[in-house]
Structures are given as C-alpha cells and as structure tokens.
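Novice: turn this into a model:
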Amino acid sequence: MYITEAMISSMEDMQKNASEMEKHIKGMMEIEARSHGLELDSRHNARDMWAQLSEHMASMPVADPMEHTHADTGVTHSHPGGDVPHSHDDDEVHVHEDMDGLPSDVEPAPAPAGDEMIDNGDGTFTKVEN
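Specialist: Here you go, the predicted structure:
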C-alpha cells in the first residue's frame with residue numbers, strides 16, 4: 001500500500017471544508033428558523049436541526065389568502081374578495097361583515113367583462129345563468 005503526505009493533507013483539507021460547510025448551513029437554518037419564531041440549537045447536528053425546522057414549518061397555520069396590505073394607505077386587513085384586485089373610492093364607504101361593521105374605503109373588484117354577473121356584495125360575483 002502506498003500512502004503519501006499529499007493524500008493525508010488532502011483528507012485533512014476535506015475535513016476542514018466539511019466542518020466549515022456544516023457551520024454555514026447550521027447558521028442559515030438558525031436564521032430561517034428565527035424568521036418563523038423558532039430558536040434552534042447549533043450544538044445539535046444539521047439533520048436534527050433540519051427535522052426541528054421542518055416540523056415547526058409544517059405545524060404553522062396557513063396564511064389567510066384574503067389578507068392584504070394597501071400600498072396607498074398601509075392598511076392590512078382581510079375581507080371576502082381581498083384576494084382579487086380592488087381599488088379605493090373616496091366617494092363611497094363600504095362596511096365589511098368580517099371587520100365587525102367597521103367602515104372601510106375598500107371597493108370590491110369590478111365584475112369580469114363579457115358575462116352578466118350579479119354582485120354578491122362581498123367582493124365576489126355570481127354568473128347569471130341564461
């Protein structure tokens with residue numbers, strides 16, 4: 001068997017690089033976990049940390065698809081029809097049931113063009129069957 005100094009040196013370099021990569025990946029997982037309200041312990045191995053992060057992410061509630069923030073006012077809220085484009089109209093004030101009767105200047109989206117539609121009053125429309 002023929003072992004050289006270069007072989008041993010190469011092995012040591014690979015071990016050093018693997019250790020540095022592990023630290024980097026653990027750091028990335030810690031940052032990601034913190035952004036989701038979880039604190040990971042980097043003394044654990046990377047697989048255990050990954051399992052904890054994955055379990056935490058799977059248990060998080062699904063985001064409300066109707067929640068949105070209006071760029072012009074900075075208001076964040078949720079209401080039926082919030083997932084479709086809508087605008088603000090200063091001349092009219094609407095009340096949304098899901099906002100405890102609080103007035104809002106949020107206009108429901110216009111009915112899609114080309115079909116006869118009935119406005120349901122909640123930002124959604126129902127197609128009229130002929």
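Novice: ok, now which ones touch Thr69?
Specialist: 75-76 (C-beta atoms under 8 Å, 6 or more residues apart in numbering). Every residue, glycine included, has its C-beta placed from N, CA and C.
Novice: dig out what it forms beta bridges with.
Specialist: Per DSSP bridges, the residues bridged to Thr69 are Thr76.
Novice: and the helix or strand hosting Arg34, what does it pack onto?
Specialist: When elements are assigned from DSSP states H and E, Arg34 belongs to helix 5-35. Applying 3 or more C-beta pairs under 8 Å, 6 or more residues apart in numbering; DSSP states H and E, one finds that helix 5-35 makes contact with helix 46-59.
Novice: show me what the helix it packs on is in contact with.
Specialist: With contact meaning C-beta under 8 Å, 6+ apart, helix 46-59 is reached by 22, 25-26, 29-30, 32-33, 36, 38, 40-42, 44.
Novice: circling back: now the helix holding Arg34: buried residues?
Specialist: 26, 29-30, 33 (16 or more other C-beta atoms under 10 Å).
Novice: now do stretch 35-42
Specialist: So for stretch 35-42, counting by 16+ other C-beta under 10 Å, buried means 38, 40.
Novice: least confident secondary structure element in the protein?
Specialist: Scoring the helices and strands of the chain by mean pLDDT, DSSP states H and E places strand 94-95 at the bottom, with a mean of 45.
Novice: quick one on the thing from earlier: make JSON lines out of the contacts of helix 46-59 and add distance to Gln52 and pLDDT.
Specialist: Shown next, in JSON lines, are the contacts of helix 46-59 (distance: C-beta to C-beta, whole Å; pLDDT from 0 to 100):
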{"residue": "Glu22", "distance to Gln52": "16", "pLDDT": "95"}
{"residue": "Ile25", "distance to Gln52": "14", "pLDDT": "96"}
{"residue": "Lys26", "distance to Gln52": "12", "pLDDT": "96"}
{"residue": "Met29", "distance to Gln52": "9", "pLDDT": "95"}
{"residue": "Glu30", "distance to Gln52": "11", "pLDDT": "96"}
{"residue": "Glu32", "distance to Gln52": "11", "pLDDT": "93"}
{"residue": "Ala33", "distance to Gln52": "8", "pLDDT": "93"}
{"residue": "His36", "distance to Gln52": "11", "pLDDT": "89"}
{"residue": "Leu38", "distance to Gln52": "7", "pLDDT": "94"}
{"residue": "Leu40", "distance to Gln52": "6", "pLDDT": "95"}
{"residue": "Asp41", "distance to Gln52": "9", "pLDDT": "94"}
{"residue": "Ser42", "distance to Gln52": "11", "pLDDT": "93"}
{"residue": "His44", "distance to Gln52": "8", "pLDDT": "95"}
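Novice: thanks again, I'm all set now.
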